[in-house]
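[1] Sequence below, structure please.
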Amino acid sequence: MSLTDRPYLAMALNNAWSNATLYRALSAVDDAAFAAPRPGFFGSLRATMNHIYAVDLYYVDALTEGGRGRAVFDREDTGSPSALATAQAEVDMAFAQFCGRADAQALQQVRMTERSARSFPERVDALILHLIQHQVHHRGQAHVQLQHAGIAPPQLDEFYLEFDRAPEAEVYWA
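    Here you go, the predicted model:
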């Protein structure tokens with residue numbers, strides 16, 4: 001069976017690879033540059049990357065029925081790119097493991113998501129797709145912020161096709 005036969009797992013692994021690739025580029029950024037004002041929704045690489053991480057925590061908690069809900073947002077922003085890279089890799093792997101176990105029946109299940117004053121039921125497959133789209137959206141902003149910091153942003157679309165697959169992505173296909 002090919003990874004592309006399991007599209008949710010493939011997307012989760014692509015997500016993990018994209019984040020790891022972006023954080024390799026961020027390793028050239030010191031803490032001051034990480035926090036420096038940049039264009040985008042959140043105004044800095046630090047705020048953007050912390051937002052990605054916090055929202056991932058939220059949705060992975062919902063998917064796994066971890067019970068933390070919105071309490072995942074009760075945390076201090078991580079100020080160091082290396083510390084945040086480690087934390088992001090952990091949640092990325094938890095997400096990939098969940099997607100790897102999710103069969104057709106699990107994808108149709110419903111999870112309750114807490115929104116400000118009330119909870120909403122959402123299908124697991126929709127939550128997965130939303131988490132992926134959220135990541136792509138904000139990684140695009142981080143891409144521009146990295147360029148604004150004077151660092152060449154990495155290619156983040158060399159994962160699926162054999163034609164131009166990044167060598168670092170091969171491990172996800174093994």
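[2] buried residues in the longest helix along the chain?
    The longest helix of the chain (DSSP state H) is helix 124-148. Applying a neighbour-count criterion of 16 or more other CB atoms under 10 Å, one finds 124, 127-128, 131-132, 134-135, 138-139, 141-143, 145-146, 148 buried in helix 124-148. In short, each C-beta sits where N, CA and C put it, glycine included.
[3] Now for the residue sitting nearest the centre point of the chain: which residues touch it?
    Computing the C-alpha centroid of the chain and ranking residues by CA atoms, centre = their mean puts residue 135 first, at 4.8 Å. Shown here is residue 135, whose contacts under the criterion CB atoms under 8 Å, 6 or more residues apart in numbering are 15, 18-19, 52, 56.
[4] at 6 Å what do you get?
    residue 15 (CB atoms under 6 Å, 6 or more residues apart in numbering).
[5] Walking through the protein, point out its strands one by one.
    Across the chain, reading from the start of the chain, the strands by DSSP state E fall at 110-115, 118-123.
[6] Adjacent strands (with direction) for the last one?
    Strand 118-123 has these partner strands in its sheet, going by DSSP bridges: strand 110-115 (antiparallel).
[7] The strand it pairs with versus helix 124-148: what angle between them?
    Using axes from the mean of the first three to the mean of the last three CA atoms, to 10 degrees, the direction of strand 110-115 lies 50 degrees away from that of helix 124-148.
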